[in-house]
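1. All I have is the shape, not the residue letters:
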DNA sequence: GTGCAAACCTGCACCCGATGCAACTTTGCA
DNA sequence: TGCAAAGTTGCATCGGGTGCAGGTTTGCAC
């Protein structure tokens, strides 16, 4: 059992300190990466900016790349929980759409995400990691879709659905830093994806029987 | 202009030596990775096994991960050429299917590919790189699909089509080393993907007007 | 509040991947 | 045969990452 899972009644001092340290490191890292570039910034510099020992940075973030995705674990858990707890009638994609809408509504979170995407855009070295993270979420989504369609978790269709949906979300990356995709556009993207995969699934079901 | 692009009339001695050295390094690397693991094997060991200097390994393969995808550049070029030179009536996906069929027909290439996939399966550290490589091919495919559909290269639909198709190819990864996906199964996968994306595209076009 | 154990932070030594540079060797060609 | 270009190598160096052994802080029972 991990620390901090004590029903979140009230976090202990130790817990609060850890969160603060972690946040400080991530913030310092993002700032330095943004200012001087990912490659150019060393972990030692991040440590100095966050006022901790280099060794401590590594204890919070196993790799340098992880510093760019500080909230990935949280997002992952959120998605898993949402999908697991969705109502009887709601499909996985419906649930995803709802979740996206909520994420987009969070001003600070949205800004941070855009900033993160722009950083990744600028640093090809980060693309691999991003794709890996994406693949994790995709697998979770695919598993839920498989339940919806009543097929095996490793069947073809759920993974095509998940991949197409992820590809749609990938399109919200703004090419021009000034020209941010609006929230409505982002949701329209998801809607198009839903139409696409819905038709795809029906097309395949129809051919099959 | 890169060396070796002299109409391939007859490769010079230098060229042949380079190819041999490159192949020897890749072969030695795959062997060692397979036998002792990717993380556990050092570049120095690969160099020794291939009877070259460590520095030479890095001159052929910029990163350790690249040793696992020795023929990626070639595949990439093949796909680009095929798509560029396809007949008037043939769609991008048709062309892809044809190409896959030919790749599957090559016994040695197929075995090597399966081995590579199993290695990646075993080493999570390689997943990021694989996804990155996949993304490159996906972008090429998406660009061609965009031409087919007469939409912008960065439009949503082509990328969903490409992503779904790639996801299908991803399914040919055999979970059990002994139970290899047969060539027919692999092609059936592509066919299902074609049905899926075809229906998806039509569904979206229909809704749009 | 005292004291103890667990959790956390830190410095140190070390390994390995990766790069720039300056020789040295081999190949291509006049 | 000889010269220039390409290819190979060793060397020095940097930065990411890990294991380990203290030292410090926090939680908690008494």
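-> Now that the structure is in, tell me what you want to look at. Remember, predicted model here, so these are calculated numbers, not experimental data.

2. Can you list the helices and strands that the helix ranked longest in chain A packs against?
-> Longest helix of chain A, by residue count under DSSP state H: helix A:183-208. In terms of contacts (3 or more Cβ pairs under 8 Å, 6 or more residues apart in numbering or on different chains; DSSP states H and E), helix A:183-208 is packed against helix A:92-105, helix A:156-170, helix B:156-170, helix B:183-208. From N, CA and C alone the C-beta is placed, and that goes for glycine too.

3. Kindly recompute the last result at 10 Å.
-> helix A:92-105, helix A:127-149, helix A:156-170, helix B:156-170, helix B:183-208 (3 or more Cβ pairs under 10 Å, 6 or more residues apart in numbering or on different chains; DSSP states H and E).

4. what comes up buried for that helix?
-> For helix A:183-208, the neighbour count (16 or more other Cβ atoms under 10 Å in any protein chain shown) marks A:186, A:189-190, A:192-201, A:203-204 as buried.

5. tell me the angle it makes with helix A:92-105.
-> With axes from the mean of the first three to the mean of the last three Cα atoms, to 10 degrees defining the directions, helix A:183-208 sits at 170 degrees from helix A:92-105.

6. on that earlier part again, can you list the helices and strands packed on helix A:183-208 in JSON lines and add mean pLDDT?
-> Converted to JSON lines, the helices and strands packed on helix A:183-208 look like this (pLDDT from 0 to 100):
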{"stretch": "helix A:92-105", "mean pLDDT": "93"}
{"stretch": "helix A:127-149", "mean pLDDT": "95"}
{"stretch": "helix A:156-170", "mean pLDDT": "96"}
{"stretch": "helix B:156-170", "mean pLDDT": "96"}
{"stretch": "helix B:183-208", "mean pLDDT": "90"}
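
7. Nearest to DNA strand D, out of these?
-> Comparison of these against DNA strand D by Cβ to the nearest atom of the strand identifies helix A:127-149 as nearest, at 9.8 Å.

8. which bits of chain A sit near DNA strand D?
-> Contacts of chain A with DNA strand D, taken as Cβ under 7 Å from any atom of the strand, map to A:12-15, A:17, A:41-44, A:55, A:58, A:62-65.

9. circling back to that earlier point, let me have the helices and strands packed on helix A:183-208 in TSV, adding distance to DNA strand C as columns.
-> Formatted as TSV, the helices and strands packed on helix A:183-208 follow (distance: least, Cβ to the nearest atom of the strand, whole Å):
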stretch	distance to DNA strand C
helix A:92-105	28
helix A:127-149	11
helix A:156-170	26
helix B:156-170	24
helix B:183-208	31
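
10. Mind putting those helices into TSV with distance to residue B:72?
-> Shown next, in TSV, are the helices and strands packed on helix A:183-208 (distance: least, Cβ to Cβ, whole Å):
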stretch	distance to residue B:72
helix A:92-105	32
helix A:127-149	13
helix A:156-170	20
helix B:156-170	14
helix B:183-208	19
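
11. closest to residue B:120 out of those helices?
-> Closest to residue B:120 of these is helix B:156-170 (Cβ to Cβ; 10.8 Å).

12. Can you spell out which helices and strands pack onto the closest one?
-> In terms of contacts (3+ Cβ pairs under 10 Å, 6+ apart), helix B:156-170 is packed against helix A:127-149, helix A:156-170, helix A:183-208, helix B:92-105, helix B:127-149, helix B:183-208.

13. Does whatever helix or strand residue A:59 lives in reach DNA strand C?
-> If you go by DSSP states H and E, residue A:59 is part of helix A:54-60. Yes - on the criterion Cβ under 7 Å from any atom of the strand, helix A:54-60 is in touch with DNA strand C at A:54, A:55, A:56, A:59, A:60.

14. Just the buried residues of that helix, please?
-> Within helix A:54-60, judged by 16+ other Cβ under 10 Å, the buried ones are A:57, A:60.

15. for the next helix or strand after it, which positions count as buried?
-> Next helix or strand after helix A:54-60 toward the C-terminus (DSSP H and E): helix A:72-84. Within helix A:72-84, the residues that count as buried by 16+ other Cβ under 10 Å are A:72, A:75, A:79, A:82, A:83.

16. what separates the last one from residue B:127, distance-wise?
-> Spelled out, that is residue A:83. 22 Å (Cβ to Cβ, to the nearest Å).

17. residues in contact with the closest residue to residue A:132 other than its chain neighbours?
-> Nearest residue to residue A:132 in three dimensions, chain neighbours excluded: residue B:128, at 4.2 Å (Cβ to Cβ, 6 or more residues apart in numbering or on different chains). Contact analysis of residue B:128 by Cβ atoms under 10 Å, 6 or more residues apart in numbering or on different chains lists A:65, A:127, A:128, A:129, A:130, A:131, A:132, A:133, A:135, B:65.

18. Pull the most distant pair out of these.
-> Most distant of those, by Cβ to Cβ, are A:133 and B:65, 17.2 Å apart.

19. quick one on the thing from earlier: export the residues of helix A:54-60 next to DNA strand C to CSV and tack on pLDDT?
-> Formatted as CSV, the residues of helix A:54-60 next to DNA strand C follow (pLDDT from 0 to 100):
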residue, pLDDT
A:54, 98
A:55, 98
A:56, 98
A:59, 97
A:60, 98
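
20. Neighbours of residue A:62, how many?
-> Residue A:62 has 9 neighbours, counted by other Cβ atoms under 10 Å in any protein chain shown.

21. what's the answer for the one 4 residues further on, then?
-> Close neighbours of residue A:66, defined as other Cβ under 10 Å, add up to 17.

22. Return the distance of it relative to residue A:146.
-> Taken as Cβ to Cβ, the span from residue A:66 to residue A:146 is 29 Å.

23. same check, this time on residue A:168
-> Separation of residue A:168 from residue A:146 (Cβ to Cβ): 19 Å.

24. In terms of neighbours, single out the busier of the two.
-> Higher neighbour count among residue A:168 and residue A:146: residue A:168, with 24 against 20, using other Cβ under 10 Å.

25. Give me the buried entries from the residues of chain A next to DNA strand D.
-> In the residues of chain A next to DNA strand D, burial by neighbour count holds for A:41, A:43, A:64, A:65, counting by 16+ other Cβ under 10 Å.

26. Just name the closest of those residues to chain B, please.
-> residue A:65 (8.5 Å; Cβ to the nearest Cβ).
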